[in-house]
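# sequence first, then the predicted structure:
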Amino acid sequence: YGDYNQKIDYVFKVVLIGDSAVGKSQLLARFARNEFSVDSKATIGVEFQTKTLSIDHKTVKAQIWDTAGQERYRAVTSAYYRGAVGAMLVYDMTKGHADKNIVIMLIGNKCDLGSLRAVPTEDAQEFAQRENLFFMETSALEATNVETAFLT
Ligand code: GDP
Ligand code: MG
């Protein structure tokens, strides 16, 4: 509550994303309160924490959002991302499942819904190239590229 009379120049919303148990909540606890808990339970209820920072002579209120355990159910909603200017994608560097020679294909599905497209083909293509992934746009509904994707 020390910043009660402080003029806030910016409020920046940043979201934490990543699988459950990778350490998102503990990263936030460390940042916001300089705390760490070894046996942290899945986050319940807490939506975000704030920390006021002085950056380049501006007072910035960082509003960091933490998934309230929804990532377990793949239930992180668009409301979570709304208004965010940044996202931190967190993974646990002690967990790695796949062989490093695995071949990965990025699939943009539902290409039959062209009028609703939000991700341009070129963007996905560029991303795939950069990340060394195969890339294909498919439609399970219209059977577009399905065979080709699996055969490739
Ligand atoms: P979340 O589900 O992504 O929010 O993960 P939590 O923040 O709840 O952390 C899951 C578990 O990993 C907890 O037992 C934490 O104590 C532990 N953990 C989180 N960060 C670290 C870290 O940097 N190092 C170690 N060794 N354990 C961590
Ligand atoms: Mg958590």
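Here it is on my side, so go on. Ligands and ions are numbered 1, 2, ... in the order given.

# tell me the residues of the chain that contact ligand 1?
Along the chain, the residues adjacent to ligand 1 under the rule CB under 6 Å from any ligand atom are 20-26, 37-40, 42-43. The way it works is simple: take the backbone N, C-alpha and C, and place the C-beta from them, glycine included.

# quick check on those: which are buried?
22-26, 43 (16 or more other CB atoms under 10 Å).

# and those residues, which is closest to Ala84?
Comparing these against Ala84 with CB to CB places Lys24 closest, at 14.3 Å.

# need phi/psi at Asp123.
When read as degrees, to the nearest 10, the backbone of Asp123 gives phi -60, psi -50.

# quick check: it vs Arg130, distance?
Distance of Asp123 to Arg130, given as CB to CB, to the nearest Å: 11 Å.

# the two: which is more packed in?
The neighbour count for Asp123 versus Arg130, taken as other CB atoms under 10 Å, is higher for Asp123 (11 against 8).

# ok so Tyr80 is a helix residue?
Yes. Counting by DSSP: H, G, I helix; E, B strand; the rest coil, Tyr80 is found in a helix.

# what pLDDT does it get?
With respect to pLDDT, Tyr80 scores 88.

# before we move on, what about Thr77?
81.

# wait, doesn't it sit right on Ala68?
No. Here Thr77 lies out of contact with Ala68, judged by CB atoms under 8 Å, at a distance of 10.9 Å.

# of all pairs in the residues of the chain next to ligand 1, which one is the farthest apart?
Pairwise distances across the residues of the chain next to ligand 1 peak at 16.6 Å for Ser20 and Val38 (criterion: CB to CB).

# now do the helices in this protein.
24-33, 78-81, 121-130, 146-151 (DSSP state H).

# give me the contact list for the last one.
Taking CB atoms under 8 Å, 6 or more residues apart in numbering as the criterion, the residues outside helix 146-151 that touch it are 105, 107, 136, 138-140.

# and the first one, by the same measure?
Contacts with helix 24-33, where a contact means CB under 8 Å, 6+ apart, come from 16-18, 35-37, 40, 43, 49-51, 64, 66-67, 88, 90.
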